[in-house]
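*Asks:* build me a structure from this.
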Amino acid sequence: MKLTIAVALLFISYNVTAQITIVKLDKNTLPKLIKYTGHVIDAVKFIDGDGEHLLITTETGITKSKGDEDFRSAALYAYHYKVNGSEFKLTWQTYDFVNDCPVDLEASYVPNTFAITDLNKDGKAEIWLMYRTVCHGDVSPGEMKVIMHEADKKYAMRGTSKAKISATDYMGGKYTFDPAFISGPEPFRQYAERLWKKNLME
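*Replies:* As a prediction, this is how the structure comes out:
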């Protein structure tokens with residue numbers, strides 16, 4: 001009996017601490033049932049303690065606003081699907097945008113920041129997205145966000161990039177954590193802060 005319990009506990013411990021399995025995909029290997037807007041930036045399938053998942057990030061790029069060619073727009077999306085055999089259930093979606101901008105604009109993911117982790121080692125994947133949204137005609141900071149999802153919980157870090165406005169002066173770079181980040185595990189905030197500092201400059 002004691003041996004059975006010990007084996008069961010060992011199995012549970014292994015499942016909790018086992019690495020998350022991640023497989024990269026591209027738009028040509030995505031299931032035909034999956035619909036999305038924009039151009040695929042990242043696409044992965046992964047398995048964690050909650051089962052199999054599909055995650056896609058996309059950007060529309062710059063498009064002309066309807067009715068006025070002097071204004072332009074851009075948007076980005078992220079789609080999370082729970083996979084059950086051949087069935088795909090959309091469980092959450094991220095959408096952000098810049099609309100009707102007459103000057104320089106951007107709505108794009110920061111390169112090489114998309115990640116899937118298990119920092120608190122609970123067997124549930126943490127999905128990290130970082131992006132900028134900008135509409136300005138001068139040298140100034142743009143809005144920047146780090147969004148993280150763990151299962152059905154969302155964490156957000158919001159602020160601005162840092163811009164050099166003269167030979168010696170800089171502007172921006174500050175951020176705030178939402179309540180979920182503040183009350184969540186310390187490794188989440190540490191990872192987010194490292195991500196922010198590494199990609200701070202405009």
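
*Asks:* going forward, measure contacts and count neighbours with C-alpha atoms only.
*Replies:* Noted.

*Asks:* check which residues of stretch 131-145 are buried.
*Replies:* Across stretch 131-145, burial judged by 16 or more other CA atoms under 10 Å covers 131-135, 140-145.

*Asks:* correct me, but residue 55 touches residue 80?
*Replies:* Yes - in this structure, residue 55 is within contact of residue 80 by CA atoms under 8 Å, at 4.7 Å.

*Asks:* helix, strand, or coil at residue 46?
*Replies:* Three-state call for residue 46 (DSSP: H, G, I helix; E, B strand; the rest coil): strand.

*Asks:* quick one: residue 91 and residue 81 touch, right?
*Replies:* Yes - using CA under 8 Å, residue 91 is in contact with residue 81, at 5.7 Å.

*Asks:* how distant is stretch 80-88 from the center of its chain?
*Replies:* How far stretch 80-88 lies from its chain's middle: 19 Å, per CA atoms, centre = their mean, to the nearest Å.

*Asks:* give me the buried stretch members for that stretch, please.
*Replies:* Within stretch 80-88, the residues scored as buried using 16+ other CA under 10 Å are 80-83, 88.

*Asks:* could you pull out the helices for this structure?
*Replies:* Along the chain, counting by DSSP state H, helices occupy 2-17, 179-183, 186-198.

*Asks:* what average pLDDT does the last one get?
*Replies:* Helix 186-198 comes out with an average pLDDT of 98.

*Asks:* dump that helix to PDB, keeping only the CA atoms.
*Replies:* Extracted C-alpha coordinates of helix 186-198, given in PDB (Å, rounded to 0.1, in the frame of the first residue of the first chain):
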ATOM      1  CA  GLU A 186       7.100  36.800  -7.900                       C
ATOM      2  CA  PRO A 187       8.700  34.900 -10.800                       C
ATOM      3  CA  PHE A 188       6.000  36.300 -13.100                       C
ATOM      4  CA  ARG A 189       6.900  39.900 -12.200                       C
ATOM      5  CA  GLN A 190      10.600  39.200 -12.400                       C
ATOM      6  CA  TYR A 191      10.300  37.700 -15.900                       C
ATOM      7  CA  ALA A 192       8.100  40.600 -17.100                       C
ATOM      8  CA  GLU A 193      10.500  43.200 -15.800                       C
ATOM      9  CA  ARG A 194      13.400  41.500 -17.500                       C
ATOM     10  CA  LEU A 195      11.400  41.400 -20.800                       C
ATOM     11  CA  TRP A 196      10.600  45.100 -20.400                       C
ATOM     12  CA  LYS A 197      14.100  46.300 -19.700                       C
ATOM     13  CA  LYS A 198      15.500  44.200 -22.600                       C
END
